[in-house]
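J.: Got a sequence here, can you build the structure:
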Amino acid sequence: MVRYKELLAQKHMLEKQIEEARRAEAAAALEDVRKTVADFGFTPEDIFGKRRKGSGQAIAAKYRNPETGDTWSGRGRAPLWLKGKDLELFRIKE
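T.: Numbering: from 1, shown residues only. The predicted model follows:
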């Protein structure tokens, strides 16, 4: 019967072999990717698509604090000056 400590030693050796194989295969795969990118002249946008960080346009304010003039677009976390208050009282009329 195989003993517990022998199994742990085998497990440790297998984990080392797995990591070594992963590194070698990952390096070979990365080299293939780099060669293909260079051969075809791919750009990051070709590979990953265009990254959108937003439209680049500012969002119009919908609410204004009459005391300070601070504004809020209605997106994201509401400011403290609106906490527990009726939003309609602070809505900017267009």
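J.: got the residue ranges for the helices in this protein?
T.: Taking DSSP state H as the criterion, the chain contains helices spanning 4-40, 44-48.
J.: Going by mean pLDDT, which of those comes out lowest?
T.: Within the helices of the chain, confidence is poorest for helix 44-48, with a mean of 89 (mean pLDDT).
J.: which residues touch it?
T.: Helix 44-48 has contacts (CB atoms under 8 Å, 6 or more residues apart in numbering) with residue 37. Yep, even glycine has a C-beta here, placed from its N, CA and C like the rest.
J.: how far does stretch 71-83 stretch from start to finish?
T.: 14 Å (CA to CA, to the nearest Å).
J.: er, stretch 77-88 I mean
T.: End-to-end distance for stretch 77-88, by CA to CA: 17 Å.
J.: and that stretch, how far from the chain's centre?
T.: Relative to the chain's own centre, stretch 77-88 is displaced by 29 Å; criterion: CA atoms, centre = their mean, to the nearest Å.
J.: per-domain residue ranges of this protein.
T.: Following automatic domain parsing, one finds the domains of the chain at 4-48, 56-94.
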